[in-house]
Every structure is written in structure tokens, then in C-alpha cells.
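Engineer: sequence isn't available, so here's the structure alone:
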Ligand SMILES: NC(=O)c1ccc[n+]([C@@H]2O[C@H](COP(=O)([O-])OP(=O)(O)OC[C@H]3O[C@@H](n4cnc5c(N)ncnc54)[C@H](O)[C@@H]3O)[C@@H](O)[C@H]2O)c1
């Protein structure tokens, strides 16, 4: 099947690299035009670099190579007016908005200061509210909002022990899960769907960096990506160390398409079974 989102317009945050870029390209391959934003600057308490101008230019190139159009802007999800400007520019160009993917996010794990908590909550939680707020005036019946959570939202206490930054990450993602549920209720009568995707580890800039190599392999002086991978595998009973961005994009595509037109309020775990051993996360008792 192709053209699964033919003629739709998708607004994606954090689109310069990783999962956001992958969603942009996958949706474009299936017929969507893209409105892409990214911060393109580092954040002090995040112990790894954010995407660059060159990264966003590469997303533009890859989307255009599919034959679809893209409006790309530098914008910070913490600043509502920047998102509104970007969405408005995209809607002026493409005429409408059908899909919202709130992907931008950071991890300040390992940084044990109040600022690390505030930074991650500002991006991962306030940023998601800003993204949906900026999109709201343009959404019509049939639109789809897709929020990015994390297994950290459903894993009791998992990252709370890694300092204020890790706690802020889990805090923000728990609220994203809740916002997804409650916004689905708010929008149901307008036939606008809201779903949350909760990935386990994903092979992207957030995980594939020096800080993470050290976090997962504290026993080594100069750990590499290859050193980290066996330690990631222990988190999944299926033995998968991390998912690819493309595997997450497959779920984004489903939620973006009309195939899921009656599916809303879902909390979809893409976790290689990570949550199975820790009990009944998300399962009614
Ligand atoms: N990688 C993982 O293991 C994993 C697992 C579960 C959930 N997630 C979620 O996925 C998202 C991260 O995506 P990724 O895995 O592709 O990582 P990534 O770091 O490669 O991409 C995140 C993108 O968001 C951008 N960004 C950061 N702060 C921003 C801001 N204030 N405004 C606009 N853009 C901003 C970055 O520049 C980057 O391009 C986060 O929401 C994260 O919680 C990631």
C-alpha cells in the first residue's frame, strides 16, 4: 500500500534528526507535505549536543527527494510564539494542517540540579502543550495528534533515581501520557484523535552519544557505541537493544493515516517487551 497519508500536511517538532527526521521522511514518502521545526541550539543541562542547521537542511533534502514539499523553521518548543509562526507559515504555504507530531524532547539525566529538572520539563512537557496549542486553530475533523512519551512514563521509579534531570524526564513523560488521554477526551466530539507513543530506547542522538556510553558502561574508561549495546539488550526480554527511528515512524504513520480514524486515547508501547517483567503498566486490574 502506498499514499497512506496522500495530500495530508504534518507538523513535526524536533525534525532535524533522529525520530523526528524519520517521521518527516516516512510521512512524505506516503504523500504528506511537512512543516518541520527544531531548536538547532544546545541546552546547558543536556549532556549531549542538539541537532544543527546542517541536520535540518538534510531533513529538507530528504523530504524533497520524495517529491513532497517542506517548510522548515528554527523554533524552540518552549516558546509558543515561535511555534505559532512556524505553523502559520506552513499552513499559509500548504493550506491546512492534518497531523501533529510532538517529537522534540531532551534528556538531562545525570545532571542533579534544579535547573536540569526545569529544563527537561520545559521542553518535554511545556513544549508538548505549546505544540498542540499552536496547532489547535488549524485542526479540523479527521486530524490526528501524536505525542511522544517514553517507557519512562510507565516504568515506576525507573529513572527517578538518576538525579533531578532523570526525575524531570520521568515527570514530564508521565504528564505527556496524561495529556494524551485528556486531550483525546477534549477533542473526541470534533473527531480529532490524540494518541501517545511510548518507545523504549531508540537509536538516535539522545542515546548515541558519549554521555550515554558512560552511563551504561561505567565500568569502562572510554566506552563506545558498541560497548553500550550489550547493556541495552538486558532491558528487553526480546533481546532488542534499541529500536530504529523507522520502527517508531511505522506507528506514527498508522496514527497519522485514516486507517486509525476511530483510534484515540491510546498509549502505545513500542518497547520490545521492556515493560512485561515490571508488571502491569497500562493494563487494567
Ligand atoms: N531515543 C530514545 O531512546 C527515546 C526513547 C523514548 C522516548 N524518546 C523521546 O523521543 C524524543 C527525542 O527524539 P530522538 O530520540 O530522535 O532524539 P534526538 O535527540 O536525536 O532528537 C530530538 C530533537 O529535538 C530537538 N529539540 C530539543 N529541544 C528542542 C526544543 N526546545 N525545541 C525544538 N526542538 C528541540 C533536538 O535538536 C533534536 O533534533 C524525546 O521526546 C524523547 O523523550 C526517545
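Structural biologist: Noted; the coordinates are in hand. What you are looking at is a predicted structure, and each value in this text was computed from that prediction instead of being measured.

Engineer: let me know the pLDDT of residue 44.
Structural biologist: If you check residue 44, the pLDDT there is 92.

Engineer: tell me the contacts of residue 52?
Structural biologist: 16, 40 (CB atoms under 8 Å, 6 or more residues apart in numbering). All C-beta atoms are positioned from the backbone trio N, CA, C, and that covers glycine.

Engineer: any idea how far residue 206 is from it?
Structural biologist: 15 Å (CB to CB, to the nearest Å).

Engineer: try residue 242
Structural biologist: Here residue 242 is placed at a distance of 10 Å from residue 206 (CB to CB).

Engineer: which SS state does the residue of the chain positioned farthest from its centre fall under?
Structural biologist: Largest separation from the mean C-alpha position in the chain: residue 221, at 31.3 Å (CA atoms, centre = their mean). With DSSP: H, G, I helix; E, B strand; the rest coil as the basis, the three-state label of residue 221 is coil.

Engineer: point out where the chain drops to low pLDDT.
Structural biologist: In the predicted model, the chain carries pLDDT under 70 at residues 1, 157-161, 279-285.

Engineer: for the stretch 51-200 of the chain, what spans make up the strands?
Structural biologist: Applying DSSP state E, counting those that start in this stretch to the stretch 51-200 of the chain gives strands spanning 70-74, 99-102, 144-148, 193-199.

Engineer: in a markdown table, list those along with distance to residue 30.
Structural biologist: Shown next, in a markdown table, are the strands of the stretch 51-200 of the chain (distance: least, CB to CB, whole Å):
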| stretch | distance to residue 30 |
| --- | --- |
| strand 70-74 | 14 |
| strand 99-102 | 11 |
| strand 144-148 | 13 |
| strand 193-199 | 17 |
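
Engineer: got the contact list for the residue most central in space within the chain?
Structural biologist: Nearest to the mean C-alpha position of the chain, by CA atoms, centre = their mean, lies residue 103 at 2.6 Å. Contacts for residue 103 (CB under 8 Å, 6+ apart) come out as 12-15, 19-20, 23, 148.

Engineer: repeat that for 10 Å
Structural biologist: 12-15, 18-24, 37-38, 77, 127-128, 131, 146-148, 197, 245, 248, 252 (CB atoms under 10 Å, 6 or more residues apart in numbering).

Engineer: neighbours around the closest residue to residue 89 other than its chain neighbours, how many?
Structural biologist: Closest residue to residue 89 apart from its sequence neighbours, by CB to CB, 6 or more residues apart in numbering: residue 71 at 5.7 Å. Residues within reach of residue 71, counting by other CB atoms under 10 Å, total 20.

Engineer: is it true that residue 71 touches residue 97?
Structural biologist: No - at 11.2 Å, residue 71 does not count as touching residue 97 under the criterion of CB atoms under 10 Å.

Engineer: any common contacting residues for the two?
Structural biologist: 9, 11, 35, 87, 90-91.

Engineer: just the buried residues out of those residues, in ChimeraX syntax.
Structural biologist: The following ChimeraX line selects those of those that are buried, judged by 16 or more other CB atoms under 10 Å:
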select :9,11,35,87,90,91
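
Engineer: let's have the shared contacts of residue 71 and residue 97 in TSV, adding distance to the ligand.
Structural biologist: Listed next are the shared contacts of residue 71 and residue 97 as TSV, based on distance: CB to the nearest ligand atom, whole Å:
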residue	distance to the ligand
9	19
11	12
35	13
87	13
90	15
91	19
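
Engineer: farthest pair in the shared contacts of residue 71 and residue 97?
Structural biologist: Within those, 9 and 87 form the most distant pair, 10.0 Å apart (CB to CB).

Engineer: so what sits against both of those two?
Structural biologist: With CB under 10 Å, 6+ apart as the test, residue 9 and residue 87 both reach 35, 71, 97, 138.

Engineer: would you mind listing what in the stretch 1-150 of the chain touches the ligand?
Structural biologist: Within the stretch 1-150 of the chain, the positions near the ligand by CB under 6 Å from any ligand atom are 13-14, 16-20, 37-39, 50-51, 76-78, 103-106, 123-124, 127, 148, 150.
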